[in-house]
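> Quick one, structure for this:
(one chain, ligands or ions: 1)
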Amino acid sequence: MLLLRNVTYSTNGRKILDKINMRFKEGMSYSILGPNGAGKSTIAYILMGVIKPSDGKVLLDDRDITDLSITERAKLGITLLWQEPARYDGITVEEYLTLGGKLNVDKEELKEILEIVGLPYELYHSRFVDKSLSGGERKRVELASVLLLKPKYAILDEPDSGLDITASGLIDKTLEYLRKIGTTVILITHHEDIAKKTEFSYFVCGGKVVRKGFSDEVVEYYKRACGKCPLLEGMRYGHQDGSSKGI
Ligand SMILES: Nc1ncnc2c1ncn2[C@@H]1O[C@H](COP(=O)(O)OP(=O)(O)OP(=O)(O)O)[C@@H](O)[C@H]1O
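Below you'll find the model as predicted:
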């Protein structure tokens, strides 16, 4: 089990996360749901070891891993799909996904995974992971790399961002594959329909867990709460500069 215990994170004199407690059990799927700026990506970075909490602990199977680096956590089976996909000039999709042949993966498996993420092997394996791929295609390559690693814990930070209308089917196939291989999924999103695809959800707002439980129930609460939130209402109508009333 992966666990955040009383995690607080402050930076530049601002408290971003405030005593966050979360539990991710093996083989289950979870969403971290919340509006822009809620603290969702910060939670992902703390789980992955990109940043360290100012207070509190990260535990994996009762072991304190708070001070472990990204690489050490990766070795323990924790993987992060970054919100912004990277580019690697001069490296093909196949080289990237097989870590230059170091990852033990056969061609059939590579084909299967590329099919799941919607990039047919024949069309994409020799393409370069550079700016010649669109943002959406790079995101799909990153998702394929997470699936091929067969992690124990897959943290997917907005897997649908930058993707088109086919994203919903892609998320379904991704979750189905990860469920099949027993990976615990931690999916970060601000979309209710995406959160509903997981079993459990945490609704985060203002750096705090506001609600947790079965995804259907949490999503209903999120819709009601965010629908009435004066902060979000203000953002929607652009009250900060008094302009852009409506859209
Ligand atoms: N280094 C930093 N200095 C100041 N503020 C920061 C810093 N890093 C993050 N924040 C702020 O912390 C808040 C939470 O950021 P975070 O990226 O975790 O939100 P999020 O829920 O993932 O948002 P989004 O849905 O827009 O991606 C935001 O208001 C952000 O501006």
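> Go through stretch 29-37 and flag the buried ones.
Buried residues in stretch 29-37, counted by 16 or more other CB atoms under 10 Å: 29, 30, 31, 32, 33, 34, 35. All C-beta spots, glycine's among them, are computed from the backbone N, C-alpha and C.
> Close to the ligand: what parts of the protein are there?
Residues of the chain lying close to the ligand (CB under 6 Å from any ligand atom) are 11-12, 14, 16, 34, 36-42, 190.
> Let me have those residues in TSV, adding secondary structure and pLDDT as columns.
Formatted as TSV, the residues of the chain next to the ligand follow (DSSP: H, G, I helix; E, B strand; the rest coil; pLDDT from 0 to 100):
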residue	secondary structure	pLDDT
11	strand	95
12	coil	92
14	strand	94
16	strand	97
34	coil	92
36	coil	88
37	coil	91
38	coil	93
39	coil	95
40	helix	95
41	helix	95
42	helix	97
190	coil	86
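> which among these end up buried?
In the residues of the chain next to the ligand, burial by neighbour count holds for 16, 34, 38, 39, 40, 41, 42, 190, counting by 16+ other CB under 10 Å.
> The third one contacts residue 209, doesn't it?
What that stands for is residue 38. No. Using CB atoms under 8 Å, residue 38 is not in contact with residue 209, being 10.1 Å away.
> thinking again about what came up before, closest to residue 203 among the residues of the chain next to the ligand?
Minimum separation from residue 203 among these (CB to CB) is found for residue 34, which lies at 6.1 Å.
> ok, the nearest residue to that closest one once chain neighbours are set aside - how many residues close by?
Leaving out its chain neighbours, the residue that sits closest to residue 34 by CB to CB, 6 or more residues apart in numbering is residue 204, at 4.0 Å. Using other CB atoms under 10 Å, residue 204 has 25 other residues around it.
> hey, where'd the helices end up in this protein?
Under the criterion DSSP state H, the chain contains helices at 40-48, 70-75, 93-97, 107-116, 121-124, 135-149, 167-180, 192-195, 215-228, 230-236.
> and the fourth one with helix 167-180, angle?
Between the axes of helix 107-116 and helix 167-180, defined by axes from the mean of the first three to the mean of the last three CA atoms, to 10 degrees, the angle is 140 degrees.
> Against which helices or strands is helix 107-116 packed?
Helices and strands touching helix 107-116, by 3 or more CB pairs under 8 Å, 6 or more residues apart in numbering; DSSP states H and E, are helix 93-97, helix 121-124, helix 135-149, helix 167-180.
> nearest to residue 73, of these?
Nearest of the helices and strands packed on helix 107-116 (CB to CB): helix 135-149, 12.5 Å.
> helices or strands up against that closest one?
Using 3+ CB pairs under 8 Å, 6+ apart, helix 135-149 is in contact with strand 78-81, helix 93-97, helix 107-116, strand 153-157, helix 167-180.
> Out of those, which gets nearest to residue 142?
That would be, of the helices and strands packed on helix 135-149 and by CB to CB, strand 78-81, which comes in at 5.7 Å.
> quick check: mean pLDDT across the closest one?
The pLDDT scores in strand 78-81 average 95.
> Give me the sheet partners of that strand and which way each runs.
strand 153-157 (parallel) (DSSP bridges).
> quick revisit: OK, contacts around the residue nearest to residue 34?
Neighbouring residues of residue 204 by CB atoms under 8 Å, 6 or more residues apart in numbering: 20, 32, 33, 34, 38, 39, 40, 43, 210.
> Relative to residue 201, how far out is the spatially closest residue to the first one that is not a sequence neighbour?
Spatial nearest neighbour of residue 20, excluding adjacent residues (CB to CB, 6+ apart): residue 7 at 4.4 Å. With distances defined as CB to CB, to the nearest Å, the gap from residue 7 to residue 201 amounts to 18 Å.
> just residue 6 next, same as before
Counting by CB to CB, the gap from residue 6 to residue 201 is 20 Å.
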